[in-house]
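# Sequence and predicted model, in that order:
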Amino acid sequence: MAAKIEAPALREYPTVPTLAPGAMAESKPYVANEKMQEALGFPGQLVDDWQEKALGRMSELLANYRSLRVYMDACVHCGACTDKCHYFIGTQDPKNMPVARQELMRSVYRRYFSVAGRLMPQLVGARDLTKEVLDEWYNYFNQCSECRRCSVFCPYGIDTAEVTMAAKEILDCVGYGQKYSNEIIGKVHRIGNNLGLPGPALEDTLLGLEEDVKEDTGVDVRFPLDEAGAEVLLVTPSADFFAEPHVDSLVGYAKVFHQAGIRWTLSSKASEAGNFGMFIGNYDQLRKIALRIREAALELGVKRIVVGECGHAWRVAYSFWNTLTGIGAGADDPFAVMLQKQLDHRYKQPSHICEVTWDLIQRGALSLDKEANDHRIITFHDSCNVARGSRMGDSAGGQFEIPRAIIRSVANKYVDMAPDTTHEKTFCCGGGGGLLTDELMELRVKGALPRMEALQQVVDNHGVNFMATICAICKAQFTKVLPYYGFKMGMVGGVHQLVSTAIQLGAKS
Amino acid sequence: MPNIEVNGKSIEVDEEGYLVNLSDWSEDVANHIAQVENLSMSESHWEVVNFLRDYYEEFQIAPAVRVLTKAIGKKLGADKGNSTYLYELFPYGPAKQACKIGGLPKPTGCV
């Protein structure tokens, strides 16, 4: 086991931390092995002509994504982003200031893609792309969770996550990929989900859940799999089938569908909502992973596609599925058109499970006993990709209001954390963007600092004992890091876990 | 790739100490890995590890935490069918740590 990791002390008045240069210089995830790399079409290991290949790929990205070129050019180093990153706040390493992290790429950009940098590199801070620089990219771009909090504060609107994604794509293309994300993407293609849960195991797990709910409530709530002709295809993170507290939200979704009388199904082909293709900035993987869901929807003939509690999956679904797959408007290939005709457009396509539940609550379709949650004093952690990369409902800010409205409908005691740590200014849990891996535990613990400070405040002032969230990564990350800060791991759970507690399915038989 | 030495035999493990070839597993290998993890294998530990291995053989994956707690509860009594009990046995998490000792691959994803 690794050396013991100490959580930083919570600060009473968060200020800009003292700099600790090089504090995280050695922090890096395991490199993907040959098999994992090649399964995704990347070189197995660092290629001999990596410099040429890296600059070639960078040139292509700059040409394809005008945004990336603008982000390379537009930064004036004003410093507005410096203290907005949870990893900088928690680690004090100045290279975790968003501007400094991006400078790792900008300095190379200036050297090879600007006139001044080509002619007089020293004068404009331009750097050759050496192996040392490439290693620095690997270490520090793998200390960014692509949460985009810094972008909220950037006066130029630079999307720093896109810079990180570009860096990861370049690293993959020269054979320098990250194990955690690339191994998982391989499993999605090979087995159907991030976890590597084969169909029969999924079926067995779902049968077990049916037994559990029957035992708890006396009601036969079904967890259907691959049922053609169902109205709703639910796509949810595979962690919902496997991990605690995730599974309690899955039980919640099932109870909601049961009580509303909606025929739904899961799919063994699309048994994963997550799409790590976004984390590694690779469009082909992003699309290939998303297309599984379209295939499953066409095969099963469903009318609606609903996404479970997964932060980045909802960003991909809400913002990218339309052009990637034709779920929503945008794509016009024959299969997209076929799917468009099949789906019922009286509903949002896709819908978030929170939109479905909130709609049912408003129509009085669910009977809820708020007192059942009276042992909980609840707060809500906005997940970064939902907060800053998507929306819910019909009005701006729906992604903030709808989950909170659900909580207030199923529980009596709710308080928000400090406003500069919620809504669009929410802090990342510390484990997003493909960093939820054990070898990065020090980074994850330290990166959770700002969220832990805000949580401590509501614990002290209001006795909060439950932090709800709608993201599988957030749930897994907090379960791991809460104990480092003296909290119980069971304090974190899903919004539909609360729904599950409150929902009244009928008299016990 | 690193190796571990058990009974004079060199066995390949990955960066985190999981067996690369699942067929290399034996009870001695399990005891060795447990020792590296600062655990000493009691009968209770073996109950969990054996269940994981049986389940894996049938389904090619470790069981979900809930499946595991339920099975242990049925076998050893309701007071042990909960994650608190499992975390006492395997402080780093029953799924990951018990899989490692059982010679099974690490569960991946958002877990």
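Right, received. Where do you want to start?
# Close to chain A: what parts of chain B are there?
B:15-16, B:36-38, B:59-61, B:63-67, B:70, B:83, B:92, B:95-96, B:105, B:107-111 (C-beta under 8 Å from any C-beta of the partner chain). For glycine as for every other residue, the C-beta is placed from the backbone atoms N, C-alpha and C.
# which ones are touching the most centrally placed residue in chain A?
Central residue of chain A (C-alpha atoms, centre = their mean): A:His312, 3.3 Å from the mean position. Neighbouring residues of A:His312 by C-beta atoms under 8 Å, 6 or more residues apart in numbering or on different chains: A:Gly274, A:Asn275, A:Met278, A:Phe279, A:Asn385, A:Gly389, A:Gly432, A:Cys471, A:Ile473.
# Contact partners for the residue nearest to A:Arg376 when sequence neighbours are not counted?
Of all residues not flanking A:Arg376 in the chain, A:Phe466 sits nearest, at 4.3 Å (C-beta to C-beta, 6 or more residues apart in numbering or on different chains). With contact taken as C-beta under 8 Å, 6+ apart, A:Phe466 is in contact with A:Arg376, A:Ile377, A:Ile378, A:Thr379, A:Met491, A:Val492, A:Gly493, A:Leu498.
# Go ahead and confirm the fourth one touches A:Ala468.
It refers to A:Thr379. Yes - with contacts counted by C-beta atoms under 8 Å, A:Thr379 reaches A:Ala468, the gap being 7.3 Å.
# And the residues of chain B next to chain A, which of them are buried?
Burial by neighbour count, judged by 16 or more other C-beta atoms under 10 Å in any protein chain shown, picks out B:16, B:37, B:59, B:61, B:63-67, B:70, B:83, B:92, B:95-96, B:105, B:107-111 from the residues of chain B next to chain A.
# Tell me the predicted confidence for residue 71.
You didn't say which chain, so I picked chain A. Reading off the confidence values, A:Tyr71 has pLDDT 98.
# oops, I was thinking of chain B
B:Ala71 is assigned a pLDDT of 89 by the prediction.
# Surely it and B:Phe51 touch.
Yes - assessed by C-beta under 8 Å, B:Ala71 is found in contact with B:Phe51 at 5.6 Å.
# which residues are common contacts for those two?
B:Pro63.
# Next, the contact list for the residue lying closest to A:Arg69 once chain neighbours are set aside, please.
Distance criterion C-beta to C-beta, 6+ apart; nearest residue to A:Arg69, sequence neighbours excluded, is A:Leu62 at 4.8 Å. For A:Leu62, the contacting residues are A:Leu68, A:Arg69, A:Met72, A:Tyr109, A:Phe113, by C-beta under 8 Å, 6+ apart.
# for A:Leu207, same thing?
Contacts of A:Leu207 were listed using C-beta under 8 Å, 6+ apart, and they are A:Phe223.
# What residues sit buried inside the helix or strand containing it?
Assessed by DSSP states H and E, A:Leu207 sits inside helix A:199-217. Residues of helix A:199-217 classed as buried by neighbour count (16+ other C-beta under 10 Å): A:Gly199, A:Ala201, A:Leu202, A:Glu203, A:Asp204, A:Thr205, A:Leu206, A:Gly208, A:Leu209, A:Asp212, A:Val213, A:Thr217.
# Identify the neighbouring strands of the helix or strand just after it in the sheet and state each direction.
The C-terminal neighbour of helix A:199-217 among helices and strands, as given by DSSP H and E, is strand A:232-235. Sheet partners assigned to strand A:232-235 using DSSP bridges are listed as strand A:264-265 (parallel), strand A:304-307 (parallel).
# Excluding residues flanking it in the chain, which one is nearest A:Arg222?
A:Glu210 (6.3 Å).
# and if you look at A:Arg11?
Closest to A:Arg11 by C-beta to C-beta, 6+ apart is A:Glu453, at 6.4 Å.
# got a list of what the closest residue to chain B within the stretch 401-509 of chain A touches?
Chain B sits closest to A:Ala472 of the stretch 401-509 of chain A, with a gap of 3.7 Å, by C-beta to the nearest C-beta. If you count contacts by C-beta under 8 Å, 6+ apart, A:Ala472 has them with A:Pro237, A:Ala239, A:Asp240, A:Ala243, A:His246, A:Gly274, A:Glu309, A:Cys310, A:Gly311, B:Gly109, B:Cys110.
# which of those residues tops the neighbour count?
Using other C-beta atoms under 10 Å in any protein chain shown as the neighbour criterion, A:Ala239 leads the contacts of A:Ala472 with 35 neighbours.
# circling back: using the three-state scheme, assign the residue nearest to A:Arg11.
helix (DSSP: H, G, I helix; E, B strand; the rest coil).
# does it really touch A:Leu10, like I thought?
Yes - in this structure, A:Glu453 is within contact of A:Leu10 by C-beta under 8 Å, at 5.0 Å.
# Looking only at neighbour counts, state which of those two leads.
Set A:Glu453 next to A:Leu10 and count neighbours by other C-beta under 10 Å: A:Glu453 wins out with 22 against 16.
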